[in-house]
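Enquirer: predicted model follows, preceded by the sequence.
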Amino acid sequence: MIRSLFPRLVLASVLFTHYLPSLSAEDYQALYKDSHNLTYDDLIVEVHGLKLPTRTAFLGWMIMNGVTEEVTAIHQQFIEAGIYEKKGVTMPLHLVLLQGTDWVLNDTSLFTLPSPENVPNMIRTLKFIQQYVEPELGPLIPVSGKRSTIYNESAGGAPRSKHMEFCALDLVPMNDITRTELHRKLMKIYNVAGRENGMGLGLYSGVRFHIDTCGHRSW
């Protein structure tokens with residue numbers, strides 16, 4: 001089989017080369033030209049010691065992976081649900097697709113997309129955060145949003161993590177706040193509005209915390 005295929009591959013290669021349009025040096029300029037003079041700060045922002053991708057880095061991922069239409073569709077659903085983004089008031093929404101901050105160690109993608117049927121989960125969680133949490137804590141920064149099964153396993157996440165259902169966010173506050181004050185405010189929100197909204201609340205080390213709306217519980 002290999003011998004019979006080889007001549008065909010050679011012929012195909014010859015034909016392809018023969019009919020391939022010749023390209024000038026100008027056509028390859030983009031391979032050499034640095035038209036944006038990007039620096040580390042254009043792609044990464046460090047928040048509480050965690051390295052987070054900027055909007056520019058996200059756009060690069062989106063274009064390289066050919067998922068512009070999918071991302072636009074998710075963003076449109078957010079808008080229609082009344083979810084908004086405002087600098088210094090709400091979280092940067094592209095980070096809800098961030099798997100986490102140790103993607104290199106986990107040999108996985110920086111971002112990942114949810115199944116369409118799970119988008120309403122995140123809409124519900126974002127609406128809850130914008131109504132109850134950010135008014136108390138100020139703008140929040142997602143450090144882990146949607147996770148693939150592979151990423152979740154390698155990161156040591158719970159087997160039934162709500163991150164995989166696009167329902168959960170791990171967050172840190174943009175504003176300075178002590179861990180004690182952060183936990184006090186979060187527990188107040190949990191006690192007042194948690195049950196009726198199915199709020200899941202996890203308190204981690206430092207000022208990192210977890211919120212979802214897929215089941216009332218805390219840890």
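Expert: Received the coordinates, thanks. Numbering: from 1, shown residues only.
Enquirer: what is the mean pLDDT for whichever strand or helix holds Met122?
Expert: In the assignment (DSSP states H and E), Met122 maps to helix 119-128. On average, the pLDDT along helix 119-128 is 99.
Enquirer: next SSE downstream of the helix or strand of the chain with the lowest mean pLDDT?
Expert: Each helix and strand of the chain was given a mean pLDDT (mean pLDDT, DSSP states H and E); the minimum falls on helix 2-19 at a mean of 41. Toward the C-terminus, helix 2-19 is succeeded by helix 40-43 as the next helix or strand (DSSP H and E).
Enquirer: just checking, what packs against that following helix?
Expert: Helices and strands touching helix 40-43, as assessed by 3 or more Cβ pairs under 8 Å, 6 or more residues apart in numbering; DSSP states H and E, comprise helix 55-64. From N, CA and C alone the C-beta is placed, and that goes for glycine too.
Enquirer: buried residues in the helix it packs on?
Expert: Along helix 55-64, the positions that meet the burial threshold by neighbour count (16 or more other Cβ atoms under 10 Å) are Ala57, Phe58, Trp61, Met62.
Enquirer: and stretch 161-181, by the same measure?
Expert: Judged by neighbour count using 16+ other Cβ under 10 Å, the buried positions of stretch 161-181 are 161-174, 177.
Enquirer: then stretch 102-119?
Expert: If you call a residue buried by 16+ other Cβ under 10 Å, then stretch 102-119 has these buried ones: Trp103, Asn106, Thr108, Leu110, Phe111, Thr112, Leu113, Pro114, Val119.
Enquirer: how about the fifth one, nearest residue that isn't a chain neighbour?
Expert: Beyond its immediate neighbours in the sequence, the residue positioned closest to Phe111 (Cβ to Cβ, 6 or more residues apart in numbering) is Leu97, lying 4.4 Å away.
Enquirer: that neighbour: how many residues sit nearby?
Expert: Using other Cβ atoms under 10 Å as the criterion, Leu97 is surrounded by 24 other residues.
Enquirer: same deal with Lys188?
Expert: Burial measure for Lys188: 13 neighbouring residues, criterion other Cβ under 10 Å.
Enquirer: how about low-confidence regions in the chain?
Expert: Regions of the chain meeting the criterion pLDDT under 70 cover residues 1-23, 25, 35, 105-106.
Enquirer: the buried residues of helix 55-64 into CSV, with extra columns for distance to Ile83?
Expert: Putting the buried residues of helix 55-64 into CSV (distance: Cβ to Cβ, whole Å) gives the following:
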residue, distance to Ile83
Ala57, 22
Phe58, 17
Trp61, 21
Met62, 19
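Enquirer: so how far is stretch 121-130 off the chain centroid?
Expert: On the basis of Cα atoms, centre = their mean, to the nearest Å, stretch 121-130 sits 15 Å off its chain's mean C-alpha point.
Enquirer: got the contact list for that stretch?
Expert: Contacts made with stretch 121-130 from outside it, assessed by Cβ atoms under 8 Å, 6 or more residues apart in numbering, are listed as 77-78, 81-84, 90-91, 93, 96, 114, 140, 145-146, 162, 165-169, 193, 197, 199, 211-214.
Enquirer: swap in 7 Å and give it another go.
Expert: Stretch 121-130 has contacts (Cβ atoms under 7 Å, 6 or more residues apart in numbering) with 77-78, 81-83, 90, 96, 140, 165-169, 197, 199, 211-214.
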